[in-house]
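Colleague: sequence isn't available, so here's the structure alone:
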């Protein structure tokens, strides 16, 4: 091409060639181990069984990887159809906390019972502003392990923010404080000291006139405790019946109560030294629930349900005792035992029957912890219901326990005895009288469909000493 033609076409440079197309690089394929781990968790979501240890290891191997979100979703689906193990729930809740989902982490934890789970539960509740709930969780931690790192310090700090007194001198597990006390002047012969608490000391004593053993409860400060002593005696008499301690005598001036002697010790003693003797729980749990339900029907909240306040008669019959802190719903609480106070009670709310339900859940939680792998499913189910935000009434729990088939086949405890106690006792006396006094005709063998021999062997321990 001539120079002129080149000049005529201008000096502009030729149009630029289009840029080469750029394709995004494909995402790196997950490692074979990650694929296998995700497959395991997805199999759980499909309802297939997987060992808890394997599931935890799979979740840990996927934490921090692009597949972490899918792993969490798989476990969410699995939780809807099956019950995840405690350790797996703790691992999943911890991961959800890190991802900024505290509410979901709390829901996944549920009614956790391990020290680690309760510590995480306390952190999550505190982060959401629920200091009362956080304190309740830490009290449960200290009931299991007094040396749990940071538990007592946090509890002291959060209690202070709630305006609650310091824990100095309190021992949650033993729920007692030692005092000195001398034996009082009473009409009974004192045999031995049976136990001490923050309010009173209990002696084993003998009523020499009637020739029977009894428990003599002597208050440390009779004048200050006069109203409490009177209420404890009066309420025990008002709620008298199956599962409630019997009151024999009292002296308000000297500050003592004479109660039924319970040689079987306390539930607290059994939890510490021989929890296996509590099995099967159907022997005593329905009777205890019946006593609490009767108290609630009378319009009272016990206020101090704990293992130390459940005694056992020689027959194995449980006996609810210590009604000195009881309150009508709506009244203000005074006192209580660390570890068994509901979050609403810690926040200063007035008395409610639901506070007893929470304490019952904590008591049964102690039973489950002591029994370990031998814990019946019925106990764990009751714990979850009692510690829920809106727990059912004790009577509803009792009905559910019977409907689940947990009650003894022939022993009509629970709701039946709660509603028919007086009538049933009359019929029982009459039927046994016929069996013992009838010589010319065949005595009855059943009572309302229940074998009378079975009733005769079980029920005297419930109604009579």
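Modeller: On my side now, so go ahead. Given the structure is predicted, the values throughout are model-derived calculations rather than measurements.

Colleague: show me where the stretch 201-350 of the chain has strands.
Modeller: 212-219, 247-251, 256-260, 310-312, 318-320 (DSSP state E, counting those that start in this stretch).

Colleague: for those, which one sits closest to residue 241?
Modeller: Between residue 241 and the strands of the stretch 201-350 of the chain, the shortest separation by CB to CB is 10.4 Å, and it involves strand 318-320. C-beta coordinates here come from the backbone N, C-alpha and C atoms, glycine included.

Colleague: tally of neighbours for residue 352?
Modeller: Residue 352 has 18 neighbouring residues, counting by other CB atoms under 10 Å.

Colleague: tell me the pLDDT at it?
Modeller: With respect to pLDDT, residue 352 has a value of 97.

Colleague: now do the one 5 residues further on
Modeller: Taken from the predicted model, the pLDDT recorded for residue 357 is 97.

Colleague: and residue 141, by the same measure?
Modeller: So, for residue 141, pLDDT stands at 86.

Colleague: for it, what are phi and psi?
Modeller: Per-residue torsions, residue 141: phi -60, psi -50 (degrees, to the nearest 10).

Colleague: contacting residues around it?
Modeller: 115, 118, 119, 122, 148, 151 (CB atoms under 8 Å, 6 or more residues apart in numbering).

Colleague: and these as TSV, adding secondary structure, neighbour count and pLDDT?
Modeller: As requested, these are exported to TSV (DSSP: H, G, I helix; E, B strand; the rest coil; neighbours: other CB atoms under 10 Å; pLDDT from 0 to 100):
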residue	secondary structure	neighbour count	pLDDT
115	helix	17	88
118	helix	25	90
119	helix	22	92
122	helix	26	92
148	coil	17	85
151	helix	22	89
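
Colleague: follow-up on the earlier one: which stretch among the strands of the stretch 201-350 of the chain comes nearest residue 199?
Modeller: Short answer: strand 212-219, nearest of the strands of the stretch 201-350 of the chain by CB to CB, at 6.1 Å.

Colleague: hang on, the earlier thing: can you redo the strands of the stretch 201-350 of the chain as JSON lines with mean pLDDT?
Modeller: Listed next are the strands of the stretch 201-350 of the chain as JSON lines, based on pLDDT from 0 to 100:
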{"stretch": "strand 212-219", "mean pLDDT": "94"}
{"stretch": "strand 247-251", "mean pLDDT": "94"}
{"stretch": "strand 256-260", "mean pLDDT": "94"}
{"stretch": "strand 310-312", "mean pLDDT": "96"}
{"stretch": "strand 318-320", "mean pLDDT": "97"}
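
Colleague: and of the ones you listed, who's closest to residue 204?
Modeller: Once the strands of the stretch 201-350 of the chain are compared by CB to CB, strand 212-219 is nearest, at 6.6 Å.

Colleague: same for that closest one, what does it pack against?
Modeller: Judged by 3 or more CB pairs under 8 Å, 6 or more residues apart in numbering; DSSP states H and E, strand 212-219 is in contact with strand 189-196, strand 200-207, strand 256-260.

Colleague: nothing else from me, thank you.
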